[in-house]
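Student: Just the structure for this:
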Amino acid sequence: MITKTSQHIINTFEEEDILPLICAAAALRDGKYLRALIERAKLIGVKEKPLYESLLQNYLFTGYPSAMISLKILKEYCPKFENYSYESWDLNKYRQRGTKNCKKIYGRKFENLISNVKSFSPELSDWLLLEGYGKVLGRKGLSLKKRELNNVSVLTVLTFEDQLFSHINGAFRTKSTIDQIKKVITNLKIFGKAGLSRFGMRVLNKYLKQKGIG
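Tutor: Predicted coordinates:
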């Protein structure tokens, strides 16, 4: 059961808070919080498409089983939402879109990133563009800025430091502010796991120090 205090806090969340928290609840496999957050999202008028897109993109980090469970729960609250903008496979489109988005996130470090990943896995280097930034994160229905904030939330609760660092960078490069990123991380305290927020803030502070951002 969610405590009255936690429910009261959930009732204060607005649209900008809710999508990253929904992604985090799904990553934590916490069905009670996921349902409570979806209910809050519906109450404040969050559209079904961004809810769907947020949970769908989670599979990049949490895998198919987690995504299937969370999307099945979402279907309980959006029973008439049938057109999920299914995209037919187009590898050339995915590669072009993925390359564009990845360059937007990594800038001058793009070539080094691809070369580094290719050094230990040519497949993952290719899939990074095709699957990650092309097929999934390049979909319509949710801006890349919002997708990166979702990624920050998920990677914080999964405690993947290197990838969190990269997606904090992605959040900045897609025009999120320091305060927006901090809020995504500190909001995770709602799950009763303060250590996760501390972890996220440590990685964020490491990033800010490295980049010389005050």
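
Student: okay, and the helix or strand of this structure with the least pLDDT?
Tutor: Using mean pLDDT, DSSP states H and E, the weakest-scoring helix or strand in the chain turns out to be helix 4-10, at a mean of 91.

Student: okay, and for this structure, where does confidence drop off?
Tutor: Low-confidence segments of the chain (pLDDT under 70): 81-85, 214.

Student: quick one, strands of it?
Tutor: In the chain, no strands are defined using DSSP state E.

Student: related to what we said a few turns ago, tell me the buried residues in the least confident helix or strand of the chain?
Tutor: 6, 10 (16 or more other C-beta atoms under 10 Å). Heads up, the C-betas are built off the backbone N, CA and C, glycines and all.

Student: ok, how many other residues are close to the residue nearest to Arg139 when sequence neighbours are not counted?
Tutor: Counting by C-beta to C-beta, 6 or more residues apart in numbering, Arg139 lies nearest to Glu53, which is 6.3 Å off, once chain neighbours are set aside. Using other C-beta atoms under 10 Å, the number of residues around Glu53 comes to 24.

Student: Any idea how far stretch 137-154 is from the middle of the chain?
Tutor: 5 Å (C-alpha atoms, centre = their mean, to the nearest Å).

Student: and what of stretch 156-167?
Tutor: 11 Å.

Student: Now do the end-to-end distance for that stretch.
Tutor: 10 Å (C-alpha to C-alpha, to the nearest Å).

Student: Which positions within the lengthiest helix in the chain qualify as buried?
Tutor: If you go by DSSP state H, the chain has its longest helix at helix 194-211. For helix 194-211, the neighbour count (16+ other C-beta under 10 Å) marks 196-197, 199-201, 203-204, 207 as buried.

Student: Also stretch 166-176?
Tutor: 166-172, 174, 176.

Student: With distance to Gly98 added, can I get these in CSV?
Tutor: Listed next are the buried residues of stretch 166-176 as CSV, based on distance: C-beta to C-beta, whole Å:
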residue, distance to Gly98
Ser166, 15
His167, 15
Ile168, 20
Asn169, 17
Gly170, 13
Ala171, 18
Phe172, 20
Thr174, 15
Ser176, 21
